[in-house]
Structures are given as structure tokens and as C-alpha cells.
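1. this is the structure alone, sequence omitted:
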């Protein structure tokens, strides 16, 4: 196998493994509370998890911005700059987490108001939030560390941390719930323990893997005004881009819910196919961040262009495989998820949208990784804004005629537009670009 392909797979495969562990953990949490004898416990975990998912997703720029800037410094061979990047990212990440802890009363009230859980679920959801919010500094700090490791071409450490964290979460939750007789608070404590343990493990791995390099850690990173401005500029664009992503995803769920339980169930099942596709494509996007960013930072046009081409062919190949699988086995997948006749009958009408997901989404995943590596974050913002605008315009214009089909068409076009806009912007890049 070509050396470049090996490099891509060495980044992508551990990232894919890390991605897969996340939904497995959520499944175990639901299984634990699902045997407590009260449906309100399941609702509380669902509401609590959603609150933190949205909050932390919005601050995902800490991982992405750190990854791109670190990979460029790595490509330039500047060890001091990579260390400074880590210091900035950790300071900001842990600092944001501490602000969350300090403002937990206001954040909790706002989040619960937005989710408006029923009266039977509310006290348990509050309990879950009140415990898990103390893990915010660890989560934000781990985002920064994960981005730094990816930028350093190392996705094995994040994979090991993710596996360790999820196994510990499961063991701790089981111990608190079945060993100490706790309920929702036991699951929340298990999550909290795992969050801090994962953060500590990631810090310890710095000493193991990069001990010599860490000796140059100093406060100079926080005193460099120009570098701090660039850090916040890059992350600002990703932050606003993420807001558009959140808006589209939340509206998609909400619009499906308003059409009744059957349509909501169908949309949820179809969206699982998008999630499965994203697990793999995210891994190759990380490879774009790390390897593309490395050659971009080194101003190595030949190897950068070669990475762009090889990532395209990997993405296209996987996309065609997913499309074929969804075409052949889509109905079987739905039957695996549910045996409810009304949902299965309704899914027949919509399952072709699932077949279109991989081809529609390839461009967005493919370019996102490369754009992060190039820290071309304004292009990511423009493309996501364009996609979100398309989504809402299509939905509003066609819903009265096509109903739920309009919602799916809007989502497909949202993905397509993101990929097209980024393709056009990439071709027009000049000046400091390695191209």
C-alpha cells in the first residue's frame, strides 16, 4: 500500500473506533435506567444527555481549531509553536468549563426551559444536570487535548482515552446503580468520574509520549497577542458555523416531531443511517485535518495536493459502498430497529432519501477536514451558512406541498450546497495558499 494511504489510514482508523464507542455508551446508559422500573428515568437521561450534547457541540471549535493550527505548526517543524498551541487551547478550554460550573444555575434553568421536560421527568433531569455540569472543565479540556493530538498526527491516544473513558463510565455507572442502590444520580456520577479520568489520562499521555517537548511549556503562549488573536479568530468562525449546524439539526428533529410519532420515528431511523456514514467519514476528515494541515503548514504543494486527491478517492469509494448497502439492505436495517407495523409501512415511502445521504454528504465531510487543516474557517462558515439558508428556504417553500419529503429534500440540499460551496472556494484560493 502507498505510504500516503497508510498515513491516512493510521489517522482515520483509530478515529473511527473512537466514534463508534460513543453511541455504544449511550445505549448502555439507557439500558441501565431502562431496568429501574420507571419510564421517567429514561426520559431524564435522554433530556440530560441532549442538553450537554448541544452545549458541548457548540464548543467543538476547541477541538477543530486546535487540530488545524497544531498540524500546521507540526508541518513547519516548530516544536515550541505546537507546545504553545496546546497551552492556549487548554487554558481556553478549561477556562470555559470553569465558567460553565460557575454559571451552572443560569445554564441549567435555560437548558431545561429549552427542553421543557414533563413534570415527572424534570426532577431527575435536574439531578443529572447538577452532577454532570461539574465535568465541564474536563470535557472542554479534553476537547483541546484531542485536537492537539490529532494535529500531532496521533489519533491513537484519543482512541485509547475514548475506550478507557467509556469502559470506566459503564463500570462506574453499574457500580453506583447496582452496587450502591442509586438511580439517575448513579448514572450521572459514572459519567462524571469517566470525564475527569479521561482528561487526566490524556494529560498523563503527554508526559509519556511528548515528555521532552513538554519541558518547553511556559506562559509565553498566553502573552503572544497576535497568536491569541489568531486562535480566537479561527475558533470564532468555527463557533458560528457550529451554530448553523445545531440550528439545522434541531429544527429537523423538531419539524419531524410536529408531524406525529410515526413520522418522527421514521425520521429518527433514517437519520441513524446518516450517523453510521458519519462515523467513517469523520475518521477520514480527521486525516484531512492532520495530514493536510501538516503539508499546508510546511508549504509542501506536491504532498498537499496528493493528500487532497487520495482523500477524495477514499471518500468516493466509501460513499459508493454505503450507497450500495443502503440501497440493498435499507429495509432490513429498519426491521432491525423496529417491528412496529405503522413505522415500517411509513418508512417505505421515505427510505430512498437514506440512499441519497452518502452522495449528498460526501463533499461536506471531505472538505471540512481539509479546511480545518488549512484553518480556512471562514470558508467553512460561508458554506454552512449557505447550506442552512438553502435548508430553511426549501423547507418553508415546499412543506405545504410535499410535507415530510420537503424536510428530507431540504436536508439533502443542505449537505450538497455545503460541499459545492467549499469546492468552489477551494478552487479560488490564492496568495498564501500552498496552491
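-> All right, it came through fine. The structure displayed is predicted, hence computed values, not measured ones.
2. now the residue nearest to residue 79 when sequence neighbours are not counted: which helix or strand?
-> If you skip the residues right next to it in sequence, residue 79 has residue 213 as its closest partner in space, 5.6 Å away by C-beta to C-beta, 6 or more residues apart in numbering. For glycine as for every other residue, the C-beta is placed from the backbone atoms N, C-alpha and C. Secondary-structure element containing residue 213, defined by DSSP states H and E: helix 184-214.
3. so which elements touch that helix?
-> For helix 184-214, the elements it packs on are helix 3-34, helix 39-58, helix 79-102, helix 122-132, helix 136-151, helix 156-174, judged by 3 or more C-beta pairs under 8 Å, 6 or more residues apart in numbering; DSSP states H and E.
4. which stretch among those helices comes nearest residue 199?
-> Distances from residue 199 to each of the helices and strands packed on helix 184-214 were compared by C-beta to C-beta, and the smallest falls on helix 136-151, at 3.8 Å.
5. now for the closest one, which elements pack on it?
-> Identification of packing neighbours for helix 136-151 by 3+ C-beta pairs under 8 Å, 6+ apart yields helix 39-58, helix 61-76, helix 79-102, helix 156-174, helix 184-214.
6. what comes up buried for the fourth one?
-> In this case it means helix 156-174. Applying a neighbour-count criterion of 16 or more other C-beta atoms under 10 Å, the buried positions in helix 156-174 are 156-166, 168-170, 172-173.
7. show me what secondary structure element comes after the longest helix along the chain.
-> For the chain, the helix reaching the highest residue count under DSSP state H is reported as helix 301-337. Under the assignment DSSP H and E, the closest C-terminal helix or strand after helix 301-337 is helix 341-373.
8. may I see the buried residues of that following helix?
-> Neighbour-count burial for helix 341-373 flags 343-344, 346-347, 350-351, 353-373 (criterion: 16+ other C-beta under 10 Å).
9. same deal with stretch 399-419?
-> Within stretch 399-419, the residues that count as buried by 16+ other C-beta under 10 Å are 399, 404, 406-419.
10. repeat for stretch 104-119
-> Along stretch 104-119, the positions that meet the burial threshold by neighbour count (16+ other C-beta under 10 Å) are 104, 107-108, 111-112, 115, 117.
11. quick one on the thing from earlier: now for the longest helix of the chain, which elements pack on it?
-> On the basis of 3+ C-beta pairs under 8 Å, 6+ apart, helix 301-337 makes packing contacts with helix 3-34, helix 261-287, helix 293-297, helix 341-373.
12. buried ones in stretch 308-322?
-> Residues of stretch 308-322 classed as buried under the neighbour-count rule (16+ other C-beta under 10 Å) are 308, 310-312, 314-315, 318-319, 322.
13. pLDDT for these - can I get that in JSON lines?
-> Formatted as JSON lines, the entries for these read as follows, by pLDDT from 0 to 100:
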{"residue": "308", "pLDDT": "93"}
{"residue": "310", "pLDDT": "94"}
{"residue": "311", "pLDDT": "94"}
{"residue": "312", "pLDDT": "95"}
{"residue": "314", "pLDDT": "94"}
{"residue": "315", "pLDDT": "93"}
{"residue": "318", "pLDDT": "93"}
{"residue": "319", "pLDDT": "95"}
{"residue": "322", "pLDDT": "92"}
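14. wait, which of these is closest to residue 273?
-> Residue 273 has its nearest neighbour among the buried residues of stretch 308-322 in residue 322, at 8.3 Å by C-beta to C-beta.
15. setting aside sequence neighbours, what's the nearest residue to the closest one?
-> residue 358 (4.1 Å).
16. report the separation between that neighbour and residue 151.
-> Summarising the geometry, the distance separating residue 358 from residue 151, computed by C-beta to C-beta, to the nearest Å, is 28 Å.
17. so who does residue 266 touch?
-> For residue 266, the set of contacting residues under the criterion of C-beta atoms under 8 Å, 6 or more residues apart in numbering consists of 343, 346-347, 350, 404.
18. which one of the residues you listed is nearest residue 75?
-> The closest of these, once distances to residue 75 are taken by C-beta to C-beta, is residue 350, at 44.5 Å.
19. looking at the protein, which helix or strand is least sure?
-> Of all the helices and strands that make up the chain, helix 220-223 has the lowest average by mean pLDDT, DSSP states H and E, namely a mean of 70.
20. could you identify the helix or strand that succeeds that helix?
-> Tracing the chain past helix 220-223, the next element assigned as helix or strand by DSSP H and E is helix 225-257.
21. how about that following helix: buried residues?
-> Those would be 227, 231, 234-235, 237-246, 248, 251-252, 255-256, for helix 225-257 by 16+ other C-beta under 10 Å.
22. got it, and stretch 290-301?
-> If you call a residue buried by 16+ other C-beta under 10 Å, then stretch 290-301 has these buried ones: 290-298.
23. tell me the phi and psi of residue 154?
-> Geometry field for residue 154 lists phi and psi as phi -130, psi 100, criterion degrees, to the nearest 10.
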